[in-house]
Every structure is written in structure tokens, then in C-alpha cells.
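In: Need coordinates for the below:
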Amino acid sequence: MAENQFDFGVGGDGSGKDNRFLLYSPHTGSVAVNKFSEFQDRNVDVVGAINSDLFWLDVVAPTPQEMVALSKIFKIHPLTVEDIMTEDVREKCELFKHYYFVTFRTFQENNEFQLTGNLIQPLNVYSLVFKSGIVTFHSNYHSLTKSTLRKIDQLKSIVTLSPDWINYSILDEITDNFAPLLRQIELEVDTVDDLVLILKANEQSDMLRRIGYARKKVTTLLRLLTSKPDVIKALTSRTEERIGRARSSGGTDIKLYLGDIQDHLITMVQNLLHYEKVLARAHSNYLAQISIELTQVSNKTNDAVAKLTIIASVLLPMNVITGMWGMNVTVPGQSQDGDTLAWFFGITASMVLIASLFFLYVKKYMLK
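Out: Predicted structure coming up:
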């Protein structure tokens, strides 16, 4: 197979997701199979590829039996095997006798995260970098493998391929996968920050939901990105001596490449922390605006209640007077002979006078 041909072993549906093993070397190209034994059926010299100067073996969801066999072939430490089989989520870089082990987390591509803000599903990628090759493990299919192979095909005539460079390419692809999500979050954060103080009351019904979704996205990505700069830093420092002694010029390039990834990751984390602050401020501003609106409504309600109370207070003395003269007992003026309206007009005038005096008092001393 020619070097520039990549055979993904695509099945009848065109997805290629039935192949769990992928082997790449400059001599064999890229060959993908479902079972490790199928390499022999396709006349692929696995032993020759592994013993060559460069190889990459990618394994998807290895079974315990396959993991035991691979650990014997590549002399993988039991602690590494345990981390891979238990899907240890802690990102780290560990240096062993004849390889170094890197755990880096990416995520499953899912448009639902972009549409609704649902939590993305993390995917652990485990890399074992040997002197002459690299073995990667992950529990599910991912476009990472295909994009890394494409990058190898494009740059193999420019750079010196090595296990360290392939490992860098994998980490770089994982880092680049976060960029579209950060751009989407940036647009959402800017939109929320602009609208939170200018929307009308009847247009703010979904603002709290938008803020909540945006903060959930930021928190999810922060959880995945926060520890990555430390892993890259540890990878650079722990492998510096090994890389420098084995490949002085290439090792320097790898340090530069890893430094570039670290810079990108630090920038992403800083941007996410900034987005979190902006959303927290927008959340506070939104709640403050709601509080102001509630206070205004409460003040209007209190003003209406106060006016009703004043009216009731004015009418109460009148009820007392009319009630007293309306009792079925002897009242003043009842014993006088003749049809006279003096008492009627007197009582009415007293009621008007009391109401007027009370109104003037309230207007002067209470309605300020």
C-alpha cells in the first residue's frame, strides 16, 4: 500500500465504525480492522511494522483479553493497564521505563450541546509513547484518528515523523476540537451581555434560561480544560531529557510544539474564566433589574393600598355618625314636633366638615 493511501476499512454503510484497530506505519500506510487477528488476513506485517522506526496503533474499546495480549506485546505496566480498563478520568503524564503515558480528555461530537447546552460526554484518550511507536486507546469512536492521519499525510514531507510528533498531533487535534465550542460560547456571552439591560419586561422571559445554559456550557468546558495546561507542562518537563538525548533537534521542535499547545490551552481557560465573570455579572444585573421592577410594582401597590386606607379612614367616621342616628332608639331631635330638616342638614354638614378636615390633615401631613 502506498504511503499516501489511507485505508479506513469502510464498511457497507460508509461509516467505518466497525473497525476497532488501526495500524499506521510509513511502510504499510494505514490499515483498519475490527479484530487484531484480521491484520494477518489482510497480509499486514504487524511485527515488521511494530519493529520499524515508526508505527501508530489505535485501539477502540479494548476487551480485557485484548488488553492482556497488548500489555504482553508492548510490556505495558499494570498500573497503566488498570487506568485504561477503568477509564481513569484524571488527566496526567507518567514516565515509565520504556514509554511515557499521557491521559488527555476530549469529548464526543454532539450537536445537542450547541443547541441546548446539555452536558457533553467526555472521552478519555490514552497515549503510550514508545521510542519507536505510539499506542492510543479510547472507549468510543472519534474523528480524532482520521484527522490526525490526514495531518500526517499533509505534513510528512515537511516534518520528521516520530512517536513524539504523532502524540503532539493527537493532543493538538484534541485542543483544536474545543475552538468551535468556545467561539459559539463567546457569541452567546456577548449576546447575553448586550441584551440583559435593554430588553423590555415582556421580552425577558427566557433571559434567565439563556444565562443558565451559557454558564453550564462554560462550566463544562472549564472542567475539561483546566487541568490540560498542567499536563502539557508535565509532559514537556518529564520527557525533555528523554527527547533531548534521543533526538536533539527533533526534541527541540517537540518542545516548541507542546509549548504552542500549552499557550492555546491557557488562552482558552482564561477566555472561559472571563466568560464566566461576564455571565456572573449579567446574572447579577438581571436579578438586580428584576428586583428593581419588583420594588417598583411593590411601591405602586403600597401607594394604592395607602390611598384606599385613607378613603376608608375618611368614610369610617361617617359610618359611625349614620349608624348612631339610624339606631332604633331615641336619638337627639326625635322628640321635636313639626316637620323640620334642621337635624338632617346639621348631621350632613358635620359629616362633610369632618371629612374635609380629615382630608386636609392627610394631605398636609401624610401625603408628602
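In: Tell me the neighbouring strands of whichever strand or helix holds T136, and mark each as parallel or antiparallel.
Out: In this structure, T136 sits in strand 133-138 according to DSSP states H and E. Looking at strand 133-138 with DSSP bridges, its partner strands are strand 55-60 (parallel), strand 122-130 (antiparallel).
In: for the top helix by length along the chain, packing partners?
Out: Ranked by residue count and defined by DSSP state H, the top helix of the chain is helix 248-325. Applying 3 or more Cβ pairs under 8 Å, 6 or more residues apart in numbering; DSSP states H and E, one finds that helix 248-325 contacts helix 163-177, helix 179-195, helix 207-225, helix 228-246, helix 342-361. C-beta here means a position set from N, CA and C on the backbone, and glycine is covered the same way.
In: Buried residues, the very next helix or strand once past the strand holding T136. List them.
Out: Where DSSP H and E defines the elements, the next helix or strand beyond strand 133-138 is helix 144-155. Neighbour counts over helix 144-155 (16 or more other Cβ atoms under 10 Å) mark L144, T145, K146, S147, T148, L149, K151, I152, D153 as buried.
In: Check the offset of helix 144-155 from the chain's centre.
Out: 28 Å (Cα atoms, centre = their mean, to the nearest Å).
In: center of this protein - which residue?
Out: Taking Cα atoms, centre = their mean, the centroid of the chain lies closest to K217, which sits 2.0 Å from it.
In: That one touches I185, doesn't it?
Out: Yes - between K217 and I185 there is a contact at 5.3 Å, judged by Cβ atoms under 8 Å.
In: quick revisit: mean pLDDT lowest for which of the helices and strands packed on helix 248-325?
Out: Here the lowest mean pLDDT among these goes to helix 228-246, at a mean of 77.
In: on that earlier part again, give me the buried positions along the strand holding T136.
Out: Under the neighbour-count criterion of 16+ other Cβ under 10 Å, strand 133-138 has G133, I134, V135, T136, F137, H138 buried.
In: Quick check: L221 vs Y275, distance?
Out: 9 Å (Cβ to Cβ, to the nearest Å).
In: Also V320?
Out: To Y275, V320 is 67 Å away according to Cβ to Cβ.
In: Who are the contact partners of the nearest residue to G259 once chain neighbours are set aside?
Out: Distances taken as Cβ to Cβ, 6 or more residues apart in numbering put T236 closest to G259, at 7.0 Å, once the chain neighbours are dropped. Each residue near T236 by Cβ atoms under 8 Å, 6 or more residues apart in numbering is listed here: K255, L258, G259, Q262.
In: redo that, cut-off 10 Å
Out: Residues in contact with T236 (Cβ atoms under 10 Å, 6 or more residues apart in numbering) are C93, I243, I254, K255, L256, Y257, L258, G259, I261, Q262.
In: Buried ones only from those residues, please, as a PyMOL command.
Out: Filtering the contacts of T236 down to the buried ones (16+ other Cβ under 10 Å) takes a single PyMOL command:
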select buried, resi 93+243+254+255+257+258+261+262
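In: Determine which two of the contacts of T236 are furthest apart.
Out: The distance between the two most remote of those (Cβ to Cβ) is 17.7 Å, for C93 and L256.
In: I figured V135 was touching L128, is that so?
Out: Yes - between V135 and L128 there is a contact under Cβ atoms under 10 Å: 4.5 Å.
In: What confidence value was assigned to the nearest residue to Y286 once chain neighbours are set aside?
Out: Distances taken as Cβ to Cβ, 6+ apart put V196 closest to Y286, at 5.1 Å, once the chain neighbours are dropped. pLDDT for V196: 82.
In: Am I right that D83 sits in a helix?
Out: Yes - D83: assigned to a helix according to DSSP: H, G, I helix; E, B strand; the rest coil.
In: my guess is it meets F96, correct?
Out: No - using Cβ under 10 Å, D83 is not in contact with F96; the gap is 11.8 Å.
In: Of the two, which one has the most company?
Out: D83 (20 against 14; other Cβ atoms under 10 Å).
In: so what's the more buried one up against?
Out: Counting by Cβ under 10 Å, 6+ apart, D83 has contacts H77, V89, R90, K92, E94, F101, T103, N124, Y126, F137.
In: can you count the residues close to E87?
Out: Using other Cβ under 10 Å, the number of residues around E87 comes to 14.
In: Three-state assignment for L199, please.
Out: Relying on three-state DSSP, one would call L199 coil.
In: That one and I166, how far apart?
Out: For L199, the distance to I166 equals 50 Å [Cβ to Cβ].
In: again, but for I198
Out: From I198 across to I166, the span is 51 Å (Cβ to Cβ).
In: before we move on, what about L258?
Out: Distance from L258 to I166, by Cβ to Cβ: 13 Å.
In: Repeat that for N34.
Out: 23 Å.
In: Which of these two has more residues huddled nearby?
Out: I166 (23 against 14).
In: Contacts only, for the residue nearest to F137 when sequence neighbours are not counted.
Out: The shortest distance from F137 to any non-neighbouring residue, by Cβ to Cβ, 6+ apart, is to Y126 (4.3 Å). Going by Cβ under 10 Å, 6+ apart, Y126 touches 59, 80, 83-84, 87-88, 101-104, 135-139.
In: which residues does Y126 bridge with?
Out: On the basis of DSSP bridges, Y126 is bridged to T103, F137.
In: so what pLDDT did it get?
Out: In this model, Y126 carries a pLDDT of 96.
In: What's the local residue count around V269?
Out: Counted with other Cβ under 10 Å, V269 comes out at 17.
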